[in-house]
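Asks: Here is a sequence with its predicted model. Questions after.
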Amino acid sequence: MQLPQGVSLSPLAMNRDERGWLTEIYRDEWVDDEKPCQWNVNFSQPNVLRGVHGHYRHWDYLVALRGRISAGFYDARRRAPTHGVSALIEIGGERLMVLRIPPGVLHGFYFHEVTQYVCGVSAYYDPGDELACLWADPGLGIDWPCRSPVIGERDRNAGSLAEIEARLRALNPDFG
């Protein structure tokens with residue numbers, strides 16, 4: 001399966017013993033691009049879908065600490081070699097991984113069970129950098145593992161894929 005250019009999923013070293021485990025989830029030396037400046041802790045109930053969202057400025061760095069997430073992607077960057085590529089991957093469970101998502105790659109997260117995760121961002125929260133489109137827009141090409149998820153008001157009222165792509169291009173000319 002091909003992921004949009006810049007999206008990466010990397011395993012984290014888990015130091016385990018009979019007491020539990022310890023894992024580094026972030027080191028500056030691991031990141032060549034924009035480094036996180038803000039970290040958030042998130043909690044989601046089962047059958048919740050957050051997204052689909054896109055950013056024109058910041059990177060996301062996500063680690064699922066407990067639970068299971070289906071992460072869906074669509075590359076909205078016209079100048080990227082993976083423009084129009086959609087992907088769906090699953091993260092979580094017993095093996096910790098860090099997921100990196102660059103600006104211009106639309107993403108959404110479906111939570112199969114009670115899930116806790118941390119998310120770092122490379123720019124402080126700015127509502128103007130939080131763009132949304134309908135999770136079920138057929139143009140996304142994401143085969144979500146759900147049909148009737150619980151979604152928030154912003155995502156329920158989100159626009160179309162065409163609208164978010166036009167807005168991304170207007171906000172960041174590098175997206176073409």
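Replies: That came through, no problem.
Asks: Kindly tell me how buried the nearest residue to residue 67 once chain neighbours are set aside is, as a neighbour count.
Replies: Taking Cβ to Cβ, 6 or more residues apart in numbering as the measure, residue 67 lies nearest to residue 115, with 2.7 Å between them; neighbours along the chain are not counted. Using the backbone N, CA and C atoms, a C-beta is placed for each residue, glycine as well. Here the number of neighbours of residue 115 (other Cβ atoms under 10 Å) works out to 22.
Asks: What residues does residue 115 make contact with?
Replies: Contact partners of residue 115, counting by Cβ atoms under 8 Å, 6 or more residues apart in numbering, are 43-44, 64, 66-69, 92.
Asks: of all the residues you listed, which comes closest to residue 36?
Replies: Each of the contacts of residue 115 was scored against residue 36 by Cβ to Cβ, and residue 64 proved nearest at 16.2 Å.
Asks: and the closest one, how many neighbours?
Replies: Counted with other Cβ under 10 Å, the burial measure for residue 64 works out to 25 neighbours.
Asks: Was I right to think it contacts residue 113?
Replies: No - counting by Cβ atoms under 8 Å, no contact exists between residue 64 and residue 113, whose distance comes to 10.7 Å.
Asks: and the residue nearest to residue 112 when sequence neighbours are not counted, what are its bridge partners?
Replies: In space, not counting the residues next to it along the chain, residue 112 is nearest to residue 68; the distance is 4.4 Å by Cβ to Cβ, 6+ apart. When assigned by DSSP bridges, residue 68 has beta-bridge partners residue 92.
Asks: pretty sure residue 68 contacts residue 114?
Replies: No - between residue 68 and residue 114 there is no contact, the gap being 9.6 Å when judged by Cβ under 8 Å.
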